[in-house]
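Q: please find the sequence and the predicted model below.
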Amino acid sequence: MTLPLQYREGLQYNHVAFNYKDLLLFFDINPMVSSLLNKLANYTNVTQGVVEHEADEDSKRKEVKVPRMGTFIGVYLPCLQNILGVILFLRLTWIVGTAGVLESFIIVFMCCACTMLTAISMSAIATNGVVPAGGSYYMISRSLGPEFGGAVGLCFYLGTTFAGAMYILGTIEILLTYISPSAAIFKGEEAGGEAEAMLNNMRVYGTCIIILMAIVVFVGVKYVNKLALVFLACVILSIIAIYAGVIKTAIDPPDFPICLLGNRTLSKRSFDVCAKFTERNNETKTTNLWLLFCNSSLPTAMCDDYFSLNNVTEIQGIPGILSGVLIDNLWSTYSEKGSIVEKKNQPSISGSEDIKVGGRPYVFTDIMTYFTVLVGIYFPSVTGIMAGSNRSGDLKDAQKSIPTGTILAISTTSFIYLSCIVLFGACIEGVVLRDKYGEAVNGNLVVGTLAWPSPWVIVIGSFFSTCGAGLQSLTGAPRLLQAIARDGIVPFIQVFGHGKANGEPTWALLLTAAICEIGILIASLDNVAPILSMFFLMCYMFVNLACAVQTLLRTPNWRPRFKYYHWTLSFLGMSLCLALMFICSWYYALIAMLIAGCIYKYIEYRGAEKEWGDGIRGLSLNAARYALLRVEDGPPHTKNWRPQLLVLLNLDCEQLVKHPRLLSFTSQLKAGKGLTIVGSVLQGTYLDKCVETQKAEENVKALMAVEKTKGFCQIVVSPSFRDGISHLIQSAGLGGMKHNTVLMAWPQSWKQTENHFSWKNFVDTVRETTAAQQALLVAKNIDLFPTNQERFTEGNIDVWWIVHDGGMLMLLPFLLRQHKVWRKCKMRIFTVAQMDDNSIQMKKDLQMFLYHLRLNAEVEVVEMFENDISAFTYEKTLMMEQRSQMLKQMQNTASRSAPAVKATVAAAMPEKVQMTWTKEKFVAEKHKNKDTNVSGFKDIFNMKPNQSNVRRMHTAVKLNGVVLNKSQHAQLVLLNMPGPPKNRKGDENYMEFLEVLTEGLDRVLLVRGSGREVITIYS
């Protein structure tokens, strides 16, 4: 059972705390059940947000009140307030007029279905345990892991921040367009300059309002919270006013006349009378409208061609719900930017001049419209469904309230939006609906013209609701960023986790205001809306993904109290979110995905390691299990063969790795591909060596991280080193993912008397790898091998191919040269020709073989003819056998009389028996032994060498001479490793042969193949 931090901090206990005399059997480090239940019962989960920070300011407050909000106050109303907002009041009528009732219905239905499916997934996640502060970020990060959580959390933060910018732009639009147009700083003097002037006004006023709001949030968030009820009341009253206005249109439609010239809609901002002529004092006079189209006020003046050919007519802007205007508004009327808003089915005569329409008092469209643009602009109006989950700490029963309140709020708002679409289409004339800023209705808010008792109810209500929504965005976004920063998963934003003494996120607020200013500088609500749509859609998509993953994995901890979910619904919601992203704007969608992907990879590369029991970890385990079951338990095909390494490390008394460069060589050989198991053996019993095992594992893993060796660590404790190595060779790996190659270092100190067992363990390891049909790589002089930071600018990798044992000698240099260390080294292959071999033909065959293998290498055939055994070889063999015999006699003597004989042997033998014997050393040793009275050593110097050993030594000496001649300056020499003798009595001689074979070479890799082919000429 994983407890929240508050639980764990409360469960500090010691042995003194227990008085359970009847339960002494269970007197362990774990708490008693009653103690645990007591802690859980007293646990209160207060939101790490406004309530907590304001509580800190009150020093007299000694205890936190138990949260008492229910479903209606805590979830339903906040969601309602967040969902219903600026788009409903400023853009929904325009969307209905442009897309038509049917397509608008489809847009709203798609968006509402998306949020409903997301709410179902969110309800399942929110009711699967306690959801602390952090809301959607907490749910996603704990369900999908820190990488997804950080990426989507930051996207959600950006969405909330841009939502703040959108609300502020909506506030300014209401202020400058409908409340006080005279407050505009910039005026549009020239034709077509009004739009640019409006954008500049937006930027100036927006910057001022952001600064003002940031100061309010910084000074005290409690004032924002106290005003929340006022803002909510404004929203609800505005909605009621709209429905009341619709009912009134059935009885007494309001009088909002629209002036049309032909079928073109005219803006009433610059004239008052909708006619060409008026009768004053029995005289016919031209109107202000005439002056806008003609060059003088005289009836004989030159006028605009279209103005002359068409009549001016007046129609009702709001004919009412019973007028049948719904039929005209069913279909879409998309248009280009700058085109005139025209009434369908209205008689019109085209003029010959459509040249200077820009200066005429027509109502123009300000952007190009099509279906996908409207989806992007509308979608922010259905966001806000996370408001309940963000307040989970303030609820009586979050697991009951969040699903009920959120789904009810979405159902309510969906009904409001869908009904408003039908009602707007049934009550309002199409040209008025398409008039975004209400120019045809004297500059009134279009939805306000429908409202009862006055348009000002909607104007004032929408102004305060958008202002409040902007304040709430500036309050919530910094806390979301602070929650992400405090999690420590994105290192570069950790500074934003700090704030005032009471926890207020000061730095996060400054960043939020700065990002919000970017949205303000864009200055167009229609351009900002699709941006935040992307970020919200991505967040919702991952909420659905989190629920689907958890459901499909069926992890034991996945037990939501909300039962009305299914993975197919989550998958449908995820697909719908993804589709809406690309419907809104494919390039914005790609940019949002790129941002999220970059954050994901950054967290994966630099972020802190977190284990939250998330679904992606569970998915990885399931995928690994599935893949392991599918991998056939046996050797792979030759084309798929690569060395899967078991690296045997030696540790010192401090549990540190003796030869770190063995891991460097591993990473150079593997380059992150395939399986790598790094193993080591501690001698003793596991109960005694438990702490040392953990320390050794930590040290090895730390070194693996430094050397960038990707793999697994396995430390084995065994009574004997020999058995531990055997266990590793037999049992390392799992199923089909087992090692096929063992890599180890050459035992440099094998000749020392105190390391009697080192060479025995080595030879037994060679035998065991052969028995297990595994390849063996032995790195001699491993401390001279290069680190990962070194680079060879020139040199050769020499392969001495003596016998064919599967082609591993060919494959290893190819793999090494993939790494930066060895990339510039050339590959040379030497093979040995005997007396009966045709060396010229051998070279041609080898070149052809390498050509088919697609390997680039120089080829050389070295002739090594049979000749007489030299005196040096004979003497070397003799010295080897004498040394071996001497060590055996020492062991026998030591076992019979330990103290006395040990002293005698110490006098008779040097501290370290050297293998390289010169004639002078031999004579000195002989005389030294003559002076001693140990009779066992007298016969050693009269023995004759074994002829079989002489032949083997002859081969080693001869081959070593040839290798030294050709490869003494090579960066690396790869040699076939001869097998150990069948008779165990010759093990020590085997070590001597290998020593002689590699004498004088700096870096040697002895290779013993497994006997199966590892490289092929076929595709």
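A: Now that the structure is in, tell me what you want to look at.
Q: what residues of stretch 106-118 count as buried?
A: By 16 or more other Cβ atoms under 10 Å, the buried positions in stretch 106-118 come out as 107-108, 110-118. (C-beta placed from N, C-alpha, C; glycine too.)
Q: now Lys500, what's its secondary structure?
A: Using DSSP: H, G, I helix; E, B strand; the rest coil, the structure places Lys500 in coil.
Q: could you do Thr265 as well?
A: Reduced to three states with three-state DSSP, the structure at Thr265 is strand.
Q: re earlier: can you put the buried residues of stretch 106-118 in a markdown table and add distance to Tyr626 and pLDDT?
A: Listed next are the buried residues of stretch 106-118 as a markdown table, based on distance: Cβ to Cβ, whole Å; pLDDT from 0 to 100:
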| residue | distance to Tyr626 | pLDDT |
| --- | --- | --- |
| Ile107 | 41 | 95 |
| Val108 | 42 | 95 |
| Met110 | 35 | 95 |
| Cys111 | 37 | 95 |
| Cys112 | 37 | 95 |
| Ala113 | 33 | 96 |
| Cys114 | 31 | 95 |
| Thr115 | 34 | 95 |
| Met116 | 33 | 95 |
| Leu117 | 28 | 96 |
| Thr118 | 29 | 94 |
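Q: ok, of the residues you listed, which one's closest to Thr365?
A: Relative to Thr365, the closest of the buried residues of stretch 106-118 is Ile107; by Cβ to Cβ it sits at 18.1 Å.
Q: now name the helix or strand holding the closest one.
A: Take DSSP states H and E as the rule and Ile107 turns out to sit in helix 92-126.
Q: in terms of secondary structure, what does that helix contact?
A: Applying 3 or more Cβ pairs under 8 Å, 6 or more residues apart in numbering; DSSP states H and E, one finds that helix 92-126 makes contact with helix 135-144, helix 371-378, helix 398-427, helix 430-433, helix 446-450, helix 525-553, helix 567-584.
Q: so which of these is nearest Tyr223?
A: Put simply, out of those the one that sits nearest Tyr223 is helix 135-144, at 22.3 Å, with distance taken as Cβ to Cβ.
Q: list the contacts of Met166.
A: Remark: with contacts taken as Cβ atoms under 8 Å, 6 or more residues apart in numbering, Met166 is in contact with 86, 380, 519, 525, 528-529, 532.
Q: if you set the cut-off to 6 Å instead, what comes out?
A: With contacts taken as Cβ atoms under 6 Å, 6 or more residues apart in numbering, Met166 has the following neighbours: 525, 528-529.
Q: now do the contacts for the closest residue to Asp328 other than its chain neighbours.
A: The shortest distance from Asp328 to any residue other than its chain neighbours is 5.6 Å, reached at Gly430 (Cβ to Cβ, 6 or more residues apart in numbering). Taking Cβ under 6 Å, 6+ apart, we find Gly430 in contact with 97, 328-329.
Q: same check on Gly795?
A: 825, 971.
Q: would you confirm that Pro361 contacts Lys268?
A: No: in this structure, Pro361 sits apart from Lys268 without contact. The criterion is Cβ atoms under 6 Å, and the distance is 8.1 Å.
Q: these two: which is more packed in?
A: Between Pro361 and Lys268, counted using other Cβ atoms under 10 Å, Lys268 has the larger neighbour count: 22 against 19.
Q: doesn't Asn442 make contact with that one?
A: Yes: applying Cβ under 6 Å, one finds Lys268 in contact with Asn442, separated by 5.1 Å.
Q: any idea how far Ile211 is from Ile168?
A: For Ile211, the distance to Ile168 equals 11 Å [Cβ to Cβ, to the nearest Å].
Q: swap that for Pro719, sorry
A: Counting by Cβ to Cβ, the gap from Pro719 to Ile168 is 74 Å.
Q: tell me which of the two has more neighbours.
A: Looking at Pro719 and Ile168 with other Cβ under 10 Å, you find the greater number of neighbours at Ile168, namely 32 against 10.
Q: does the more buried one count as helix, strand or coil?
A: Note that with three-state DSSP, the state of Ile168 is helix.
Q: that one against Cys208, yeah?
A: No: between Ile168 and Cys208 there is no contact under Cβ under 6 Å: 10.0 Å.
Q: any weak-confidence spans in the stretch 551-700 of the chain?
A: Low-confidence regions of the stretch 551-700 of the chain, defined here as pLDDT under 70, cover residues 607-619, 632-640, 671-672.
Q: mind redoing it with 90?
A: Low-confidence regions of the stretch 551-700 of the chain, defined here as pLDDT under 90, cover residues 551-563, 584-588, 592-593, 595-644, 650-656, 658-659, 667-676, 686, 689.
Q: right, and the helix or strand after the helix or strand encompassing Ile458?
A: Per DSSP H and E: Ile458 is located in helix 455-487. Heading C-terminal from helix 455-487, the first helix or strand you meet, by DSSP H and E, is helix 506-522.
Q: from the contact counts, what lies against that following helix?
A: For helix 506-522, the packing partners by 3 or more Cβ pairs under 6 Å, 6 or more residues apart in numbering; DSSP states H and E come out as helix 146-174, helix 194-219, helix 455-487.
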